[in-house]
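# got a sequence here, can you build the structure:
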Amino acid sequence: MLVWGLFILVIIFFLALDLGVFNRKAHVIKTKEASIWTTVWVSVALAFSGVVYWLFANEMVANPTGLSPNNAMLKYITGYLIELSLSIDNVFVIAVIFSSFGIPDKYQHRVLFWGILGAIFFRGLMIFFGVALINKFDWIIYVFGAFLLYTAYKMLTSADTDFDPRKSAMYRLIRKYFPVSHVMDGEKFFIRRMGVRAATPLFIALMIIELTDILFALDSIPAILAITADPFIVFSSNILAILGLRSMYFLISRMLQKFRYINYSLVVILSFVGVKMILSHHVQIPEWLSLGIISLSLIGGIVASLLIPAKGDPLSHS
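Coordinates of the predicted model:
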């Protein structure tokens, strides 16, 4: 529990430093700043794999699944890459939400900051119950695997329809419980109009982002549980991937059209981990192979997006 407590305290410290020092004043996050912070978060997350190795080597954390230090480190890196790659899909939805509610660029970081806090809490709960289910009911892993395969199929066959947050059930639910104002007042989530406390578009965007993250977690949590059921590895890799989501959003949201084929990477990753879950009681897939397939899928989608011209691009007719 000491290790868990220290890990959570460090995360809280980083978040406090982020909002209280580096982003105390609302400003537009430029591509250069986003690139630096993305590099920082990815470097911290990958460096943490060394901490995972050290913790397991010195038996400083509970090891219910009997992992060796090397295997624990590989599982952490694999789980982190899965969560990071699935977070890319989240970026697309966040961009649509911000655009739909007209959230100014300089206030987007504040919304994402509080969104990250909520995501950490809800994902912590989902990880706790997911690990408990797998440890108590062996057969639940087949359900998770089938669900991931179904998700991959839906992602592959679904049409590219525009997601309109204002027409979503989530937006209607929020309006049912909160008076809504279409007027913003700086960074405020609520304003008082004619004696009524009303939610601003910032709060509406925050709530929809929180709810969509819960939906995304329904895919990502089973995906990482296919790699390991060790609670600390699942939680740490998940949280560190979420922390890097903000800077990654500002880095790649301006280049959404360039990542046209990333969804195919996600289909391959979800299909692979789904099959791995279903076969887990019969076939043991080495961690290096899992890590290689996930890495190649992600790199392949990025490279294809950069090299294959989009329809309508003059280069596509050359």
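
# okay, CA-based contacts and neighbour counts for the rest of this
Fine.

# would you point out which residue is most central in the protein?
The centroid of the chain falls nearest to S87 when counting by CA atoms, centre = their mean (3.5 Å).

# surely it touches L245?
Yes. Contact criterion CA atoms under 8 Å: S87 and L245 qualify, at 6.8 Å.

# all strands of this protein, in order?
Secondary structure of the chain (DSSP state E): strands at 190-193, 196-199.

# backbone dihedrals for G244, please?
For G244, the backbone dihedrals (degrees, to the nearest 10) come out as phi -80, psi -10.

# follow-up on the earlier one: local confidence estimate at the residue nearest to the centre of the chain?
Looking at S87, its pLDDT is 74.

# ok, now how distant is it from Y142?
24 Å (CA to CA, to the nearest Å).

# what does S181 give?
With distances taken as CA to CA, S181 is found 46 Å from Y142.

# what of W41?
33 Å.

# do the same with F48
30 Å.

# tell me, how many residues neighbour L251?
21 (other CA atoms under 10 Å).

# check Y177 too.
Using other CA under 10 Å, Y177 is surrounded by 8 other residues.

# in terms of pLDDT, where does it sit?
79.

# also L315?
38.

# with D213 instead?
Reported pLDDT for D213: 78.

# try Y76
pLDDT, read off for Y76, is 93.

# likewise for F48?
94.

# ok, and the closest non-adjacent residue to I294?
I269 (5.9 Å; CA to CA, 6 or more residues apart in numbering).

# the one you found against S297, yeah?
Yes. The pair I269 and S297 passes the contact test of CA under 8 Å, sitting 6.8 Å apart.

# and the two? Which one has more around it.
Of the pair I269 and S297, I269 is the one with more neighbours under other CA under 10 Å, namely 25 against 20.

# re earlier: out of the strands of the chain, which comes closest to V28?
Between V28 and the strands of the chain, the shortest gap by CA to CA is with strand 190-193, which sits at 21.7 Å.

# what is that closest one packed up against?
When contacts are defined as 3 or more CA pairs under 8 Å, 6 or more residues apart in numbering; DSSP states H and E, strand 190-193 sits against strand 196-199.

# may I see the buried residues of the strand it packs on?
Buried residues in strand 196-199, counted by 16 or more other CA atoms under 10 Å: 198-199.

# please apply the same query to stretch 266-282.
266-278, 280.

# tell me which of those is nearest to T65?
If you rank those by distance to T65 using CA to CA, S280 comes first, at 13.8 Å.

# how close does the closest one sit to R246?
In this view, S280 and R246 are 34 Å apart by CA to CA.
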